[in-house]
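Asks: Show me the folded form of this:
(one chain, ligands or ions: 1)
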Amino acid sequence: MEKNARVYVAGHRGLVGSALIRTLEKEGYTNILSATHCELDLINQQAVADFFAKEQPEYVFLAAAKVGGILANSNYPADFIYENLMMETNIIHHSWKAGAKKLLFLGSSCIYPQMAEQPIKEESLLTGPLEPTNDAYALAKIAGIKMCQSYNKQYGTKYISVMPTNLYGPNDNFDLATSHVLPALIRKVHEAKVNGDQAVTVWGTGRAVREFLYVDDLADACLFLMENYDDSKIVNIGTGVGISIKSLAENIRDITGYRGKIIFDRSKPDGTPVKINDVSFLDSLGWSAKVDLNEGLKKVYSWYRENELHKK
Ligand code: GFB
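Replies: Below you'll find the model as predicted:
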C-alpha cells in the first residue's frame, strides 16, 4: 500500500475504524477517505454506489458494522442481520465495481460454532451450531466472508477476511444496555466507586471465558495483513489468552481502586462458555499482539475518565 494510496475506512468513528485511522496516520498515509453517517448511509445501495464511483478508493477497510454486546445482540437480531448484510453487500460489491485493489473485511470470533474446540482454529467455521445469543450477527458476518471468497474466486479480487476476538479501547460504547462486557464493567465499577456503593453487579455466572485484544493492536494487525496477505483463507486476530469474566471484573476493580464486592446476576446469559482464538496462523505470518490486558485496561480506564465522564 503506497503512502499516498486512496485508502477508505468504512466506519471511521467506531472503535475499530478510529483505531485504523490513528494507525494509518501514524504510519504516514496521506490520502485517507472517510464519510460520516450523515454524508453517506452505508445501508443505501445507491448512495454507496455513487460514493465509490466518485471517490475510487484503491484500498478498503470494511470496519463499518452494527455491533453490540450479548444483550443487544439477543434483543435486536433483526437490526443486526439486516444492517450488517446491507452494509457488507453494498461495500464489497461497489469496491469491486469501482476496481479497488484490495479490501479487508472485519468479521468476528462469534462466527464460530458455540462449542468449537478451544482455542478456535479458522477451520472450525461452519462445523457446528452457532451461539444463539448472537447467531443473526454471526450469520451476517459469515455472509461477508463468503462474499469476499466468492468475489476472489469469480473475479480474481484480493479481498481478505479477519476474525478479531473481543476488542476494547478508545471510542468504545459505554452504554450499559448495548455495550460489551469490558467497557460496561469499567463504567459500573467506576460509578460504584464514586457513589460509594457496596457492590457491583456482573451479568451471568462470571465463569464465561473471553479473550480481549486492545484495538490499536487490531489496527496494526489489519495494516500488516493488508500489506502482506492475499489469500481467501480467513485469519484469526487475538492474543490467544483467555480470562474469566470474574477475573476480568477483579482486575478492573484493582485498576480503579474500588473496594466493594462483586456480585453475579445469574438471570443474565453467559453466552458462549469459552471463546479464545487460535492465533498460530497469524503468528506464522509474522504478527503477534503487543499490549497485554493489564496495560490495555489502564489505558482504557484513563481514556474513559478523560472522554466519557463529561458526557454525563
Ligand atoms: O462482551 P459481551 O457482551 O459479549 O459479554 P460476548 C461477555 C460476557 O460478559 C458474557 C458477561 O458472559 C456476559 O454475560 N457480562 C458480565 C456482561 N457483565 C456484563 C455487562 O455488564 N455487560 C455485558 N455486555 N456483558 C458478543 C456478541 O458476545 O461478543 C457479539 O454478542 C460480538 O456478537 C462480541 O461477537 C464480540 O462475547 O458474549
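Asks: For the rest of this, base every contact and every neighbour count on C-alpha atoms.
Replies: Fine.
Asks: what's the spacing between residue 73 and the ligand?
Replies: Separation of residue 73 from the ligand (C-alpha to the nearest ligand atom, to the nearest Å) stands at 5 Å.
Asks: Let me know the helix or strand that that residue is in.
Replies: helix 70-75 (DSSP states H and E).
Asks: Show me what counts as buried in that helix.
Replies: Buried residues in helix 70-75, counted by 16 or more other C-alpha atoms under 10 Å: 70-74.
Asks: and if you look at stretch 256-270?
Replies: Within stretch 256-270, judged by 16+ other C-alpha under 10 Å, the buried ones are 256, 258, 262-263, 270.
Asks: picking up where we left off before, and which of the buried residues of helix 70-75 is nearest to the ligand?
Replies: Among the buried residues of helix 70-75, residue 70 lies closest to the ligand (C-alpha to the nearest ligand atom), at 3.7 Å.
Asks: Could I get the contacting residues of the closest residue to that closest one other than its chain neighbours?
Replies: Nearest residue to residue 70, sequence neighbours excluded (C-alpha to C-alpha, 6 or more residues apart in numbering): residue 133, at 6.4 Å. By C-alpha atoms under 8 Å, 6 or more residues apart in numbering, the contact list for residue 133 reads 70-71, 73-74, 271.
Asks: Surely residue 151 forms part of a strand?
Replies: No: counting by DSSP: H, G, I helix; E, B strand; the rest coil, residue 151 is not found in a strand; it is helix.
Asks: so who does residue 89 touch?
Replies: Contacts of residue 89 (C-alpha under 8 Å, 6+ apart): 144, 147.
Asks: and it, what pLDDT?
Replies: Residue 89 is assigned 98 on the pLDDT scale.
Asks: does the helix or strand where it lies come close to the ligand?
Replies: Using DSSP H and E, residue 89 sits in helix 77-97. No: Helix 77-97 lies out of reach of the ligand by C-alpha under 6 Å from any ligand atom, never closer than 8.9 Å.
Asks: The next helix-or-strand element following that helix and the ligand, are they touching?
Replies: Past helix 77-97, further along toward the C-terminus, the next helix or strand under DSSP H and E is strand 102-106. No: with C-alpha under 6 Å from any ligand atom as the criterion, the ligand is not reached by strand 102-106; the gap is at least 11.3 Å.
Asks: how far off helix 77-97 does strand 102-106 point, in degrees?
Replies: 170 degrees (axes from the mean of the first three to the mean of the last three C-alpha atoms, to 10 degrees).
Asks: Determine the set of other helices and strands touching strand 102-106.
Replies: strand 59-62, helix 135-155, strand 159-164, helix 215-228 (3 or more C-alpha pairs under 8 Å, 6 or more residues apart in numbering; DSSP states H and E).
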